[in-house]
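Engineer: I would like to see how this sequence folds:
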Amino acid sequence: MRALITVERHRSTTTSSSLLGSHATLVLESLPGISEIRVEHEGAHRAVLSYRWRDPGTHSPGIGAALLTEGIQLV
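Structural biologist: Residues are numbered from 1 along each chain as shown. Reported below is the predicted structural model:
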């Protein structure tokens, strides 16, 4: 089953030239158990991504926390 999330840049983050969906994809790829990441929709300020998640049996930071370290927040 696929999960779906919507993300946007955190208000405190300065404007970035990178695409939000691509940036969020890089963060998600770094988390264990997440695969098959796709940018479903990308607008000027928000992106919708889907992914498959499998519990790797190891402790890893939550998706929201990992994204926030890169100036991206879940909506």
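Engineer: which residues pair with Tyr51 across the strands?
Structural biologist: The residues paired with Tyr51 through beta bridges, assigned by DSSP bridges, are Ala3.
Engineer: all helices of the chain, in order?
Structural biologist: 20-29, 63-68 (DSSP state H).
Engineer: For the longest one, which outside residues touch it?
Structural biologist: With contacts defined as CB atoms under 8 Å, 6 or more residues apart in numbering, helix 20-29 is touched by 7-9, 16, 34, 37, 39, 42, 45-47, 49, 51, 63, 66-67, 69-70, 72. C-beta: built from backbone N, CA, C; applies to glycine.
Engineer: one more time with 6 Å
Structural biologist: The set of residues external to helix 20-29 that reach it, using CB atoms under 6 Å, 6 or more residues apart in numbering, is 7, 34, 37, 39, 42, 47, 49, 51, 66-67, 70, 72.
Engineer: just for the protein, where's the confidence low?
Structural biologist: In the predicted model, the chain carries pLDDT under 70 at residues 12-17, 55-61.
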